[in-house]
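S.K.: Mind folding the following:
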Amino acid sequence: MRTTVTDVLVIGAGGAGLAAAYEAAKMGRQVVVLEKNHQPGGSTSWSVGSVTAADTPHQRAAGIRDNADAHFEDMELHAGELAPRDNLRLRRILVDNSSEALQWLMDLGVVFVGPEKEPPHRVARMHNVVPNSKSFAYHLARHCRGLGVSIVVDTASSNFITENGRVVGVEAIGPGGARSRFLAKRGVVLASGDYSGAADLKRSLASESVVPVDPVNPAATGDGHRMALAIGARVVNGDIVRGPIMRFIPPSRRSLVQYLPPFRFIARAIAWSMGHLPQAVLRPFLMSFLTTALGPSPDLLRQGGILINKLGHRFTNELGKPASDVALQPEKVAWILMDEAVASKFERWPYFVSTAPGVAYAYLEDYRRNRPDIFHRADTLQGLANSMGVPFTELRETINVYNNSADRGDRPAIGDGPYCALGPVKSYVVFTDGGLSVSERLEVLGADDRPIPGLYAAGSAGQGGLLLEGHGHHLGWAFVSGRIAGRHAAESPAASILNLS
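M.R.: Predicted structure coming up:
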């Protein structure tokens, strides 16, 4: 078995892992990052790209006075009834370091626009990356490689290697199933993401109801959580799952925004345009982003839309918790069907089809132009069924039964046409909030709340009971915790691994 020895080993090349690698390398340490996917990015590259922070250059330029204490208080409002379960020590670390982390990202070449409002934040704090969230991995990986960091892709960690109770490395599986060992003389940083795609962990830590729900990031399979649990670590808040949430399926072709390279000069041009060009000019550009794979507004169902599965059947109470039932349908998909009277409401405010924080609202016409693959309109129910690809006879019977049923309540009956449908939609788990218990130094804690020597965790893996409700907090924690974990791993006294190497 081939063995590689380094000073600091990082598991996962998402935002948290790359932040950890950068900080350790800046301290002069040799760093290796293992990434099981073909390229760096992780769930960070799947995100909208928001970082929420207080007392930032963007806020000051907008005349907004803000501070970390106010941010700390407002995060409790976001947590709501879950607030008593929050890790206040880690919340304090997040709010005290978010502004510095934002500036650090900007210094590395990442460009943000904003800030944008998101109640119950008392002021605008949400900063959105341009041109897209792949900018984070692009700039971080580039600077990491410039510092000599080795990023090894297509290599999945399988288990920790320990010596005298200390974590000193991992066994890994590379291309073609080749097994190897990576040893760390100073520390291992676990930045492996969440377990939104892990049926076993969702079942044991959360509930059976979320097991069949697909993840937004299929690679978020909880590998790091399992490895840590096997050596005595524990998960905090493992039952808190963001999902199931309905979203439109992603387009088969990438949008204009996704094609744009995250070069700084392009990002700055976009940022300038968003601050100076009129909305009429900007709107086509914004819509190419907004109508990719966002969630449908609940108002579509409240105003009279019904959910139809691939068999042409209505299968749930749309005003209950329909997202859970979507995941149980054939091929896990459904369509939102409306008549023209309901559909026409979604051409103007206050009824919109979807929105992205700090960007814009998308209406039915935007979906007709930008997502023809999920936009269906026909004068007859037969034509709509053909467009959707569902059986006409079953769909016609479904509409008849619905129109004459008592359970539609105050919602209107489906009229004679024309008809409109949006979909397919699927239900997803966006993220899981269960993270390993960690110290303020991001050391992974064992069952006795003592640090497991040599092991640190960051991002979702090192969330440690911290509640990250609201946009921009997960990414903020990824960068803040990754930097802290990387520095402490680099500072650890060197271990003797002669017997292993």
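
S.K.: List the contacts of the residue lying closest to Asp416 once chain neighbours are set aside.
M.R.: Nearest residue to Asp416, sequence neighbours excluded (C-beta to C-beta, 6 or more residues apart in numbering): Asp339, at 7.7 Å. Backbone N, C-alpha and C define where each C-beta goes, glycine included. By C-beta atoms under 8 Å, 6 or more residues apart in numbering, the residues touching Asp339 are 304, 412, 414-420.

S.K.: swap in Phe315?
M.R.: If you count contacts by C-beta under 8 Å, 6+ apart, then Phe315 has 307, 309, 325, 329, 334 around it.

S.K.: Can you check these and name whichever has the most neighbours?
M.R.: Greatest neighbour count in the contacts of Phe315, by other C-beta atoms under 10 Å, goes to Ala334: 29 neighbours.

S.K.: Show me the strands in the stretch 401-501 of the chain, by range?
M.R.: In the stretch 401-501 of the chain, the strands defined using DSSP state E, counting those that start in this stretch lie at 419-429, 431-432, 435-436, 443-445, 451-457.

S.K.: one step back: what's the distance between the residue nearest to Asp416 and Gly320?
M.R.: 22 Å (C-beta to C-beta, to the nearest Å).

S.K.: hang on, the earlier thing: now the contacts of Phe315 as a markdown table including pLDDT and secondary structure?
M.R.: Putting those into a markdown table (pLDDT from 0 to 100; DSSP: H, G, I helix; E, B strand; the rest coil) gives the following:
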| residue | pLDDT | secondary structure |
| --- | --- | --- |
| Leu307 | 98 | strand |
| Asn309 | 98 | coil |
| Asp325 | 96 | helix |
| Gln329 | 97 | coil |
| Ala334 | 98 | strand |
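
S.K.: could those residues go into a markdown table alongside distance to Val429?
M.R.: Conversion of the contacts of Phe315 to a markdown table gives the following (distance: C-beta to C-beta, whole Å):
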| residue | distance to Val429 |
| --- | --- |
| Leu307 | 19 |
| Asn309 | 20 |
| Asp325 | 15 |
| Gln329 | 16 |
| Ala334 | 17 |
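
S.K.: Return the residues in contact with the nearest residue to Asn309 once chain neighbours are set aside.
M.R.: Setting aside the residues directly before and after it, Asn309 is nearest to Gln329 in space (C-beta to C-beta, 6+ apart), at 4.2 Å. Listed by C-beta under 8 Å, 6+ apart, the contact set of Gln329 reads 309-310, 315.

S.K.: same deal with Asp194?
M.R.: When the contact criterion is C-beta under 8 Å, 6+ apart, the partners of Asp194 are 43, 220, 222, 431-435, 460-461.

S.K.: swap in Val342?
M.R.: Val342 makes contacts with 303-305, 412, as judged by C-beta under 8 Å, 6+ apart.

S.K.: On the three-state scheme, it is what?
M.R.: When the structure is reduced to helix, strand and coil (DSSP: H, G, I helix; E, B strand; the rest coil), Val342 reads as helix.

S.K.: pLDDT score assigned to it?
M.R.: Model confidence at Val342, given as pLDDT, is 97.
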